[in-house]
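Here is a sequence with its predicted model. Questions after.
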Amino acid sequence: MSEDFFQGYKGEALNLLKKYQVRVWGQAEVETTRGNFQGTVLPRSENDDQKHIVMKIVTGYNIGIDTDTITGMKETGYKKANYKIPEKEFPTTKGLPSVKLLGTGGTIASRLDYRTGAVIPAFTPGELYGAVPELADICNLTTDKLFAVFSENMGPDQYKKLAIAIGQEIEKGVDGIVIGHGTDTLSHTAAALTFMVQNSPVPIVLVGSQRSSDRPSSDAALNLMHAMTAAGHGDIAEVMVCMFGPTSDEYGFLHRGTRVRKMHSSYRSTFRTLGDVPLATVTRKGVAPIKKNYNPRRKDRNVTILPYFEEKVAIVYYYPNMMPDIIDSLVDNGYRGIIIAGTGLGHINKPLYPAIERAHAKGVHMFMAVQTMWGYCHMFVYDTGRDLMAKGIIPAANMLPETAYIKLGWVLGQTNDPTEVKRLMLTPVNDEITEREPYNGYLIFQGGVKDVDEFVRKVHK
């Protein structure tokens, strides 16, 4: 057989495929010392080892089979797969709301590259409809692919372009906006858009997925349906993050853009509101608000777009024995703002004090957040906090550290006046600072004890 039939295979795995005359994309039965498997032989990553054959089994999952365990193989059919989803023109249905999907990249718009084994941003927004035709029952969708990047490559330039594009779509009369985004920095973009797009008359919903579209357990399709429902039919006209509520597919959560964080590296229910409860739940049937106070949908087209961001802003996570050269290096490199995620109520060690004083003398704006994620920065309680405030650090109440970082960049993009910077930072735009946290805004349960285990058995994760 030609080498073209064994894409990416080498060594022992290649010899085994040749021995049994089984090709890549061939449907095969594989006998092993650990049982028998049926499925399609997939290409290998060019960077992988020589001792595994990869198959997509009948359940839709990909598995690797150690060559040392294989006792026999038989090709039962052959059909080369096409993993590119064709784009489809979205139908228009009278009476359905108009929703604009702005694509940025990320797992919700991705496919598996079998050459490298990596998930890559490859689907255009139009291809998403080809994958999720149910969207046509929810809204009249138009799409625009603004970027094609992983979320770690999103930054101030993208934030500003997104804000301007949102303003233009609102002016055109769209009923709602959905932004497809990678999950890793989705909360940062949600915070940035909350500050840059204010007083929106329509919902702005950021959505991603934890698992790529070619996996049977992918949450991409349902997250998209929930996001389109929230954007087209929901009454909450704010910047929100829409992702799974429980790890099952019962409902999604709508989280306020300033109070949300990715909490788990792989769970589908990774996003959680911190220091508060989510805004709402959402299913394909509609949106059910949890919070009573939110910005309602309006019919006007009025929106305030403030696309500003100063890039010379940093966030520093304090750790024991941190050295002053960390702060000095930021100052020496021209940074204009620093968010410090301090311990406890907002503390750092005394060896940093001289560096803090030097930074303050150079006009660097410094704010303290807490690394506990829940709770408030209270710098009046201990001498450490009082000393730090005297040296120029301003407590940022219960702003999440990453939200404080985004907000400081946004504020310094508009002004460098210390009084105005402090005023803007401490004036809430949309609940990045709250007067109090509800008793049920902090829930952490630990397994292994009777009462918790009994509770967990009765509910979904």
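Ah, there it is.

How many neighbouring residues does Gly35 have?
8 (other Cβ atoms under 10 Å). The C-beta positions use only the backbone N, C-alpha and C, and glycine is treated the same way.

Ramachandran angles for Gly337?
phi -150, psi 140 (degrees, to the nearest 10).

and Gly176, what pLDDT?
At Gly176, the model reports a pLDDT of 98.

Can you report phi and psi for it?
phi -170, psi 160.

Once you drop chain neighbours, what's closest to it?
Ala231 (3.0 Å; Cβ to Cβ, 6 or more residues apart in numbering).

Which strand or helix spans that neighbour?
Assigned by DSSP states H and E, Ala231 belongs to helix 220-233.

Distance from that helix to the middle of the chain?
15 Å (Cα atoms, centre = their mean, to the nearest Å).

I'd like the next helix or strand past that helix.
strand 239-244.

Tell me which strands that next one pairs with, and in which orientation.
In the sheet, strand 239-244 lines up against strand 204-207 (parallel), strand 252-256 (antiparallel) (DSSP bridges).

So the protein: which segments form each domain?
For the chain, automatic domain parsing gives the domain ranges 3-78, 98-305, 313-426.

closest to Glu437 out of the ones you listed?
Taking Cβ to Cβ, domain 98-305 is the member of the domains of the chain nearest to Glu437, at 4.6 Å.

Now do stretch 342-362, average pLDDT.
97.

Same question for stretch 374-387.
On average, stretch 374-387 scores 95.

What is the neighbour count of Leu162?
26.

same question, Asp184
16.

list the contacts for it?
Phe150, Ser151, Glu152, Lys262 (Cβ atoms under 8 Å, 6 or more residues apart in numbering).

The third one touches Thr183, doesn't it?
No - contact status for Glu152 versus Thr183: not in contact, 10.7 Å apart, counting by Cβ atoms under 8 Å.

More neighbours: which of these two?
Thr183 (23 against 10).

wait, what's in contact with the closest residue to that one other than its chain neighbours?
Spatial nearest neighbour of Thr183, chain neighbours left out: Gly208 (4.1 Å); criterion: Cβ to Cβ, 6+ apart. Shown in contact with Gly208 (Cβ under 8 Å, 6+ apart): Gly106, Thr107, Ile108, Ser151, Gly180, His181, Gly182, Thr183, Leu186, Asn223, Met243.

Next one: Gly208 from Leu135, what distance?
16 Å (Cβ to Cβ, to the nearest Å).

Then Ile63?
For Ile63 relative to Leu135 (Cβ to Cβ), the value is 31 Å.

how about the strands in the stretch 1-150 of the chain?
26-32, 35-41, 52-57, 62-66, 70-78, 98-103, 110-113, 118-121, 140-145 (DSSP state E, counting those that start in this stretch).

List the buried residues for stretch 141-155?
Leu141, Thr142, Thr143, Lys145, Leu146, Phe147, Ala148, Val149, Phe150, Ser151, Met154, Gly155 (16 or more other Cβ atoms under 10 Å).

Please tell me how far the fifth one sits from Ala131.
With the distance defined as Cβ to Cβ, Leu146 ends up 19 Å from Ala131.

cool, and the third one?
In this structure, Thr143 and Ala131 are 13 Å apart, going by Cβ to Cβ.

Mind listing the shared neighbours of the two?
With Cβ under 8 Å, 6+ apart, Thr143 and Ala131 have no common neighbours.

quick revisit: just checking, what packs against the helix holding Ala231?
For helix 220-233, the packing partners by 3 or more Cβ pairs under 8 Å, 6 or more residues apart in numbering; DSSP states H and E come out as strand 98-103, helix 125-131, strand 176-180, strand 204-207, strand 239-244, strand 252-256, strand 280-283, strand 286-289.

Show me where the stretch 201-350 of the chain dips below the pLDDT cut-off.
The stretch 201-350 of the chain contains residues with pLDDT under 70 at 212-216.

I'd like to know how many residues surround the nearest residue in space to Asp387 that is not next to it in sequence.
Distances taken as Cβ to Cβ, 6+ apart place Tyr353 nearest to Asp387, at 7.1 Å, with adjacent residues excluded. Residues near Tyr353, counting by other Cβ under 10 Å, number 17.

mind listing the strands for the stretch 251-400 of the chain?
252-256, 260-262, 271-273, 280-283, 286-289, 304-305, 313-317, 337-342, 365-370, 393-395.

could I get the ones you listed as TSV with distance to Gly176?
TSV is the format used below for the strands of the stretch 251-400 of the chain (distance: least, Cβ to Cβ, whole Å):
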stretch	distance to Gly176
strand 252-256	12
strand 260-262	19
strand 271-273	19
strand 280-283	12
strand 286-289	11
strand 304-305	17
strand 313-317	31
strand 337-342	32
strand 365-370	32
strand 393-395	37
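
Comparing those, which comes out most buried?
Ranked by mean neighbour count, the strands of the stretch 251-400 of the chain are led by strand 252-256 with a mean of 27 (mean count of other Cβ atoms under 10 Å).

Next, the angle helix 220-233 makes with that one.
Between strand 252-256 and helix 220-233, the angle comes out at 60 degrees (axes from the mean of the first three to the mean of the last three Cα atoms, to 10 degrees).

Would you mind measuring from Thr142 to Ser200?
18 Å.
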